[in-house]
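Participant: With the sequence up front, the predicted model follows.
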There are 2 protein chains.
Amino acid sequence: MNITTGASVDQILHINNIRDQLIRLEDTIIFLLIERAQFAQNKRIYEPGAFKDQISWDGSWLEWFLFEIESFHAKARRYTSPDEHPFTPIDKLPIPVIEVQNYPPLLYAPAASHPDVNVNARILDFYVNHIVPGRDASLDDGNYGSAATRDVEVLQALSRRIHFGMFVSESKFRDAPHDFIPHILSDPPNKAALEALITKPAVEAKLLVRLANKARVYGCEMDGDGKVVASPDGIVGKIDIEQVVGLYRDWVIPLTKDVEVDYLVHRLEGVPQEQIDTWLAGGKK
Amino acid sequence: MNITTGASVDQILHINNIRDQLIRLEDTIIFLLIERAQFAQNKRIYEPGAFKDQISWDGSWLEWFLFEIESFHAKARRYTSPDEHPFTPIDKLPIPVIEVQNYPPLLYAPAASHPDVNVNARILDFYVNHIVPGRDASLDDGNYGSAATRDVEVLQALSRRIHFGMFVSESKFRDAPHDFIPHILSDPPNKAALEALITKPAVEAKLLVRLANKARVYGCEMDGDGKVVASPDGIVGKIDIEQVVGLYRDWVIPLTKDVEVDYLVHRLEGVPQEQIDTWLAGGKK
């Protein structure tokens, strides 16, 4: 996790710090989509078993890439970082071969590790079925390795972005636990109320405008002189701006909310009643 | 290799097509440098044997990453593509587990596979010692995996860019073999004359201007509203523009020329005298 050396838990979980990281992640995601869009869609790499005779692997080519890359990253301790979640089930990945970094306790462990909170299967599904960039879905250029390498990178960045919702929830919960507790403890938990507490429509609207701006700026085509140009068919840029906005509006934002709410739903599991009472009386953590 | 389906060898090797790919690669390299610059320099990952006790590996952490990532990419046939060259010696990498793609014969094999032409050891050296981005060389944030993952991506893109010089040489050689042959056959080969034939100072000057432009545009910082902002210390952007320009001016361009010239030096090895005579008489290939 990208933490400034010596930062305190309160500094790391400050909502402004979290927001800065989320804004920076938008750039990464747009860059990676632009890189992926250089290659044909290559639908064959998403079909389960399409390469079964050659790689003895029942899943898709992309899932093979995820497994192989994540196996190595697991050895290099990637999934010991609180903001990283593999697409491959963790028990199928090797253990770290190097000493694990010590992170301060940022998230409430029982909530963060609850299976409901991991939405990677849903991320993989929406990415493959709705997002893979490229103007013509029927094209296959044989660049299966290049395409899948970029897919893995996009997926890892999306997963990091969406699961960052846990930090948002923890930050907001710590700030005003008494607001959240009644909705968590109601039976069943009041998910709509929890969602309302963490949703800021104005911030979301601004995000979508900013995103279109970034896709326009980072995706522009420059000629030999460095001047921004439009292609002969009138399309400016290496990436479909509306698609980038739709990715966030239809998938990233709703899934992040699910992560945020599911984290909150489990936030009090195992917390002593005494602590809950203190919070309800207006104390912060 | 990113080849439009059905393109002929002449189309692929047309200098305009090659130039377009080189210009596009500038964007990739700048994106990747920006991504790397998020992390501290982490000098420890470049020290040979620094993690020896943990990963039983004599080389550096970065070389371990190169070996592991390239091992997987080799299985996925990456290094059978004529524009890809591993940093790990090819005999230490596994063979492809899937059927190799058929590429049209784009390069002259004896020249392309000559050891002089592979400059990856030099790329790794200048990258580690002069380029690794990050404002403060003394910082270590423990993000060794994240940093090395980006390093590998930058190195792979630089390697592709620099070895693309072979396509430039082949393209120019095919266009006017009679211009090159006397300098190749002189003893020793006249490298200065060969370099003069492939060097276009005006194109290089334009490239550096374009690159600064791209680094400015792609590396800009945007605030929450999507407006470009300067940081409090007056620096605009996520990347040092002068460093990006210097990377090309001092390293990428000179090394590409070495690759181009070394390819040409070996271009006639094994070519029948009759063919050479036809070329000298003014025929093209």
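Facilitator: That came through fine. Numbering: from 1, shown residues only, chains lettered A, B, ... in the order given.

Participant: make it CA atoms for all contacts and neighbour counts henceforth
Facilitator: Noted.

Participant: For chain B, see how far away A:Ala148 is.
Facilitator: In this view, A:Ala148 and chain B are 10 Å apart by C-alpha to the nearest C-alpha, to the nearest Å.

Participant: That residue: neighbouring residues, count only.
Facilitator: The number of residues packed around A:Ala148, counting by other C-alpha atoms under 10 Å in any protein chain shown, is 23.

Participant: Please list all residues in contact with it.
Facilitator: Residues in contact with A:Ala148 (C-alpha atoms under 8 Å, 6 or more residues apart in numbering or on different chains) are A:45, A:61-62, A:65.

Participant: The stretch 1-150 of chain A: helices as residue ranges?
Facilitator: When secondary structure is read from DSSP state H, counting those that start in this stretch, the stretch 1-150 of chain A shows helices at A:9-12, A:15-36, A:52-55, A:61-75, A:109-112, A:120-126, A:144-163.

Participant: Quick check: neighbours of the lowest-mean-pLDDT helix or strand in chain A in the sheet, parallel or antiparallel?
Facilitator: Lowest on mean pLDDT, DSSP states H and E among the helices and strands of chain A sits strand A:228-229, with a mean of 74. Sheet pairing here is set by DSSP bridges, and for strand A:228-229 it gives strand A:221-222 (antiparallel).

Participant: pretty sure A:Ala193 contacts A:His183?
Facilitator: Yes: with the criterion set as C-alpha atoms under 8 Å, A:Ala193 and A:His183 qualify as a contacting pair; they are 6.6 Å apart.

Participant: pLDDT on stretch A:38-53, on average?
Facilitator: Model confidence over stretch A:38-53 averages 92 on the pLDDT scale.

Participant: okay, A:Leu139: pLDDT?
Facilitator: Predicted confidence (pLDDT) at A:Leu139: the value is 89.

Participant: Touching, A:Lys88 and A:Glu70? I think so.
Facilitator: No, residue A:88 isn't Lys; it's Thr. Yes: the pair A:Thr88 and A:Glu70 passes the contact test of C-alpha under 8 Å, sitting 7.2 Å apart.

Participant: Stretch A:155-173 and chain B, any residue contact?
Facilitator: No: using C-alpha under 8 Å from any C-alpha of the partner chain, stretch A:155-173 never reaches chain B; the gap is at least 11.8 Å.

Participant: quick one: contacts of that stretch?
Facilitator: Stretch A:155-173 is contacted from outside by A:13-15, A:18, A:22, A:25, A:28-29, A:83-86, A:106-108, A:112, A:117-120, A:123-124, A:127, A:180, A:198, A:252-253, A:255-257, A:259-261, A:263-264, using C-alpha under 8 Å, 6+ apart.

Participant: Among those residues, the buried ones, what's the PyMOL command?
Facilitator: Buried residues within the contacts of stretch A:155-173, by 16 or more other C-alpha atoms under 10 Å in any protein chain shown, are selected in PyMOL with:
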select buried, chain A and resi 13+14+15+18+22+25+28+29+83+84+85+86+106+107+108+112+117+118+119+120+123+124+127+180+198+252+253+255+256+257+259+260+261+263+264
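
Participant: So which of the contacts of stretch A:155-173 would count as near chain B as well?
Facilitator: The subset of the contacts of stretch A:155-173 lying close to chain B, counting by C-alpha under 8 Å from any C-alpha, consists of A:Thr28.

Participant: Among the contacts of stretch A:155-173, name the ones in strands.
Facilitator: Mapping these onto strands (DSSP state E) picks out no residues; all lie outside.

Participant: Apart from its neighbours in sequence, what residue is nearest A:Ile15?
Facilitator: In space, and not counting its chain neighbours, A:Ile15 is closest to A:Ser171: 6.3 Å by C-alpha to C-alpha, 6 or more residues apart in numbering or on different chains.

Participant: Ok, A:His85 next?
Facilitator: Among residues not flanking A:His85 along the chain, A:Tyr79 sits closest, at 6.0 Å (C-alpha to C-alpha, 6+ apart).

Participant: tell me what the helix or strand just after the least confident helix or strand of chain A is packed against?
Facilitator: Next helix or strand after strand A:228-229 toward the C-terminus (DSSP states H and E): helix A:241-246. If you count contacts as 3 or more C-alpha pairs under 8 Å, 6 or more residues apart in numbering or on different chains; DSSP states H and E, helix A:241-246 packs onto helix A:201-218.

Participant: The helix it packs on vs helix B:15-36, what angle?
Facilitator: Following axes from the mean of the first three to the mean of the last three C-alpha atoms, to 10 degrees, one obtains 140 degrees for the angle between helix A:201-218 and helix B:15-36.

Participant: now for helix A:201-218, which elements pack on it?
Facilitator: Contact partners of helix A:201-218 among helices and strands, from 3+ C-alpha pairs under 8 Å, 6+ apart: helix A:15-36, helix A:241-246, helix B:201-218.

Participant: do you know how far A:Phe87 is from A:Leu124?
Facilitator: As for A:Phe87, its distance to A:Leu124 is 8 Å (criterion: C-alpha to C-alpha, to the nearest Å).

Participant: A:Thr88 and A:Glu70: which is more packed in?
Facilitator: Just comparing A:Thr88 and A:Glu70: by other C-alpha under 10 Å the higher neighbour count belongs to A:Glu70, 25 against 18.

Participant: Pull the contacting residues for the closest residue to that one other than its chain neighbours.
Facilitator: By the measure of C-alpha to C-alpha, 6+ apart, the closest residue to A:Glu70 outside its immediate chain neighbours is A:Pro86, 6.6 Å from it. By C-alpha under 8 Å, 6+ apart, the residues touching A:Pro86 are A:70, A:79, A:120, A:156.

Participant: now A:Leu194
Facilitator: For A:Leu194, the contacting residues are A:180, A:183-184, A:261, A:264, by C-alpha under 8 Å, 6+ apart.

Participant: Filter those down to the ones in helices?
Facilitator: Residues from the contacts of A:Leu194 lying in helices, with DSSP state H as the criterion: A:180, A:183-184, A:261, A:264.

Participant: one step back: any idea which of the contacts of A:Pro86 the model trusts least?
Facilitator: A:Tyr79 (94).

Participant: measure that one to chain B for me?
Facilitator: 11 Å.

Participant: correct me, but that residue touches A:Phe87?
Facilitator: No: under the criterion of C-alpha under 8 Å, A:Tyr79 is not in contact with A:Phe87, lying 10.6 Å apart.

Participant: in the sheet, who's paired with A:Met222?
Facilitator: Beta-bridge partners for A:Met222, by DSSP bridges, are A:Val228.

Participant: Pretty sure it sits against B:Arg24.
Facilitator: No: judged on C-alpha under 8 Å, A:Met222 makes no contact with B:Arg24 at a distance of 9.2 Å.

Participant: neighbour count winner among these two?
Facilitator: Neighbour tally, A:Met222 and B:Arg24, criterion other C-alpha under 10 Å: the higher count belongs to A:Met222, 19 against 16.

Participant: And the pLDDT at that one?
Facilitator: Predicted confidence (pLDDT) at A:Met222: the value is 78.

Participant: try A:Thr80
Facilitator: Reported pLDDT at A:Thr80 in the predicted model: 92.

Participant: Now it: closest residue in space that isn't a chain neighbour?
Facilitator: Counting by C-alpha to C-alpha, 6+ apart, the nearest residue to A:Thr80 once its immediate chain neighbours are dropped is A:Val100, at 6.9 Å.

Participant: Run a quick neighbour tally on the one you found.
Facilitator: A:Val100: 13 neighbours (other C-alpha under 10 Å).

Participant: Distance check, it against chain B.
Facilitator: With C-alpha to the nearest C-alpha as the criterion, A:Val100 and chain B are 10 Å apart.

Participant: likewise A:Asn118?
Facilitator: Note on A:Asn118: its distance to chain B, by C-alpha to the nearest C-alpha, is 21 Å.

Participant: and that residue, what is it in contact with?
Facilitator: Here A:Asn118 is in contact with A:85, A:163, A:259 (C-alpha under 8 Å, 6+ apart).

Participant: Tell me the one among these nearest to A:Val244.
Facilitator: For the contacts of A:Asn118, the minimum distance to A:Val244 (C-alpha to C-alpha) is 18.9 Å, reached by A:His163.

Participant: how close does the closest one get to A:Pro82?
Facilitator: From A:His163 to A:Pro82 the distance is 9 Å (C-alpha to C-alpha).
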